[in-house]
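Undergrad: Provided below are the primary sequence and the corresponding predicted coordinates.
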Amino acid sequence: MTTLYLKEELPEGQAPTAFDRHVEWQKRGLPHAHIITWLKDMIHPTQIDSIISAEILNPGQDPGLFEIITKNMIHGPCGPLNPNSPCMKDRKCTKKYPRKFIQETQTRNDGYPLYRRRRSEEGGFTAIVKIRTNNQQIEVEVDNT
């Protein structure tokens, strides 16, 4: 177990609102932790959308990041396009995709947030993703669901 000393970790003369630490090894090396320690008031649900995004971003804003996200961070394919996907059980995605469109992030009673996912008409974006199905490559337009 590692003891963290906040004084050594924080810039001098600065009082941040939170301190976070990521520890990831896994694959038999064990530990896995995502820790956030609130030093002041916790973030309010109204502030989540300005910090965290679960949406496809604007390709014109940062084309490089858009490409990384659309290549590596889009779930699927599953459902009718790939019923044999590992996430499928009883013809449903165990990761709960596709998800509903939501105009603002909501926090549930269990503490798990439902992140904002906007339709294209409401300011959301889409992306074309290449997938392999039935031994051929096809292009599919994906949105924030």
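TA: On my side now, so go ahead.

Undergrad: Could you use CA atoms for every contact and neighbour count after this?
TA: Fine.

Undergrad: The longest helix that the chain contains: how far from the chain's middle?
TA: When the chain is parsed with DSSP state H, its longest helix is helix 63-72. In terms of C-alpha atoms, centre = their mean, to the nearest Å, the centre of helix 63-72 is set 13 Å apart from its chain centre.

Undergrad: Stretch 93-104 too?
TA: Distance, centroid of stretch 93-104 to centroid of chain: 12 Å (C-alpha atoms, centre = their mean).

Undergrad: Make 789 the starting number, not 1.
TA: In the new count, where the first residue is 789, that last one comes out as stretch 881-892.

Undergrad: Could you find the closest non-adjacent residue to Pro886?
TA: Thr933 (5.0 Å; C-alpha to C-alpha, 6 or more residues apart in numbering).

Undergrad: residue ranges of the strands in this structure, please?
TA: 806-812, 820-826, 876-877, 880-881, 894-895, 901-902, 915-921, 924-930 (DSSP state E).

Undergrad: if we compare the ones you listed, which one ends up closest to Lys888?
TA: strand 901-902 (9.3 Å; C-alpha to C-alpha).

Undergrad: helices or strands next to the closest one in the packing?
TA: With contacts taken as 3 or more C-alpha pairs under 8 Å, 6 or more residues apart in numbering; DSSP states H and E, strand 901-902 sits against strand 894-895.

Undergrad: pLDDT score assigned to Arg905?
TA: Arg905 is assigned 90 on the pLDDT scale.

Undergrad: Spatially central residue in this structure, please.
TA: Taking C-alpha atoms, centre = their mean as the criterion, Ala842 is the residue nearest the geometric centre of the chain, at 4.7 Å.

Undergrad: How many residues are close by the nearest residue to that one once chain neighbours are set aside?
TA: Using C-alpha to C-alpha, 6+ apart and skipping residues adjacent in sequence, the residue nearest Ala842 is Tyr903, 6.1 Å away. When neighbours are defined as other C-alpha atoms under 10 Å, Tyr903 has 21 of them.

Undergrad: Quickly note the distance from Gln814 to Ala821.
TA: In this structure, Gln814 and Ala821 are 10 Å apart, going by C-alpha to C-alpha, to the nearest Å.
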